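*Asks:* Below is the sequence, then the predicted model.
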Amino acid sequence: MERKSNLTGYLLAAASAVTFSAKGIFAKLLYSIGVDPVSLLALRFLIALPFFWLMVWMWPSEKVGLKDLLILLTSG
């Protein structure tokens with residue numbers, strides 16, 4: 001079981017490195033067609049937001065309470 005866990009960790013680290021490095025390539029392509037940096041950041045945040053909420057829902061923590069979630073929702 002630990003071998004499978006190690007393999008999963010290595011694969012996730014490799015995927016993270018590839019996607020992090022591809023981010024700059026996609027940004028340059030989008031800048032070349034006229035997308036401004038603020039719009040690109042807004043798009044990145046909108047794409048990431050559902051994944052973060054999914055993680056909060058799937059793996060709840062005692063450290064993050066309802067009050068904290070309400071503050072996050074109201075702060076944008």
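*Replies:* Right, received. Where do you want to start?
*Asks:* for residue 27, what are its contacts?
*Replies:* Residues in contact with residue 27 (C-beta atoms under 8 Å, 6 or more residues apart in numbering) are residue 40. (Each C-beta comes from the backbone N, C-alpha and C, glycine too.)
*Asks:* again, 10 Å this time
*Replies:* Neighbour list for residue 27: 35, 37, 40-41, 44 [criterion: C-beta atoms under 10 Å, 6 or more residues apart in numbering].
*Asks:* what about residue 35, is that helix, strand or coil?
*Replies:* Using DSSP: H, G, I helix; E, B strand; the rest coil, the structure places residue 35 in coil.
*Asks:* do the same with residue 63
*Replies:* When classified by three-state DSSP, residue 63 comes out as coil.
*Asks:* what about burial for the contacts of residue 27, which qualify?
*Replies:* The neighbour-count test (16 or more other C-beta atoms under 10 Å) marks none of these as buried.
*Asks:* Residue 57 and residue 46, how far apart?
*Replies:* 18 Å (C-beta to C-beta, to the nearest Å).
*Asks:* do the same with residue 3
*Replies:* From residue 3 to residue 46 the distance is 38 Å (C-beta to C-beta).
*Asks:* so what's the residue nearest the centre of the chain scoring on pLDDT?
*Replies:* Nearest to the mean C-alpha position of the chain, by C-alpha atoms, centre = their mean, lies residue 48 at 4.6 Å. With respect to pLDDT, residue 48 has a value of 89.
*Asks:* my guess is residue 37 meets residue 28, correct?
*Replies:* No: between residue 37 and residue 28 there is no contact under C-beta atoms under 10 Å: 11.6 Å.
*Asks:* What ranges does the chain have for its helices?
*Replies:* Counting by DSSP state H, the chain has these helices, from start to end: 2-32, 37-58, 66-75.
*Asks:* Compute the inter-axis angle for the longest one and helix 37-58.
*Replies:* Okay, so that is helix 2-32. Counting by axes from the mean of the first three to the mean of the last three C-alpha atoms, to 10 degrees, helix 2-32 points 150 degrees away from the direction of helix 37-58.
*Asks:* What of the shortest one?
*Replies:* Counting by the same axes, to 10 degrees, helix 66-75 lies at 160 degrees to helix 37-58.
*Asks:* show me the contacts for residue 3.
*Replies:* Contacts for residue 3 (C-beta under 10 Å, 6+ apart) come out as none.
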